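1. make a model of this:
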Amino acid sequence: MAWIYLLLAGLFEIGFAIGLKYTDGFTRLWPSVGTALSAAISLWLLTQALKAIPVGTAYAIWTGIGAVGVAALGIALFAESASPARLLCIAMIVAGVVGLKLASPA
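-> I've put the predicted structure just below:
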């Protein structure tokens, strides 16, 4: 169950980071509310995952899910670069996240 919490925490981390783009410096109410809720939910889910997963592993995977998700959505939603070098770097983050999961005793 801890790994499911961690995956969900990472997905809400993506929502939090992407939401920041839509808050316009926290001047828009509903995007700001959604962003704050995403952050709170993400952190709560992370704390639940930390009950069974080592903090270093969980935090690295949580940020990795967030980084990959935000980079992918940046490409899809905001026409950010999808250069081969950038995609390779994203793939290396994915490889690191998978490696940490496979090497984790939890």
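2. the residue of the chain most remote from its centre in helix, strand or coil?
-> Taking C-alpha atoms, centre = their mean as the measure, the residue most remote from the mean C-alpha position of the chain is Thr27, 23.5 Å away. Assigned with DSSP: H, G, I helix; E, B strand; the rest coil, Thr27 falls in the coil class.
3. over to it: give its phi and psi.
-> Listed backbone geometry of Thr27 is phi -100, psi -10, with angles given as degrees, to the nearest 10.
4. center of the protein - which residue?
-> The chain, centroid-nearest residue using C-alpha atoms, centre = their mean: Gly66 at 1.8 Å.
5. in which helix or strand does that residue reside?
-> Using DSSP states H and E, the element containing Gly66 is helix 55-78.
6. please name every helix or strand in contact with that helix.
-> For helix 55-78, the helices and strands in contact under the criterion 3 or more C-beta pairs under 8 Å, 6 or more residues apart in numbering; DSSP states H and E are helix 2-23, helix 29-49, helix 84-103. All C-beta spots, glycine's among them, are computed from the backbone N, C-alpha and C.
7. what does the pLDDT read for the residue farthest from the centre of the chain?
-> pLDDT, Thr27: 96.
8. do you know how far it is from Gly15?
-> Distance, Thr27 to Gly15, by C-beta to C-beta, to the nearest Å: 19 Å.
9. hmm, Val97 and Val68 touching each other?
-> Yes - Val68 lies in contact with Val97 (C-beta atoms under 8 Å); the separation is 7.3 Å.
10. just say helix, strand or coil for Asp80.
-> To be clear, residue 80 is Glu; Asp isn't right here. Following three-state DSSP, Glu80 is assigned to coil.
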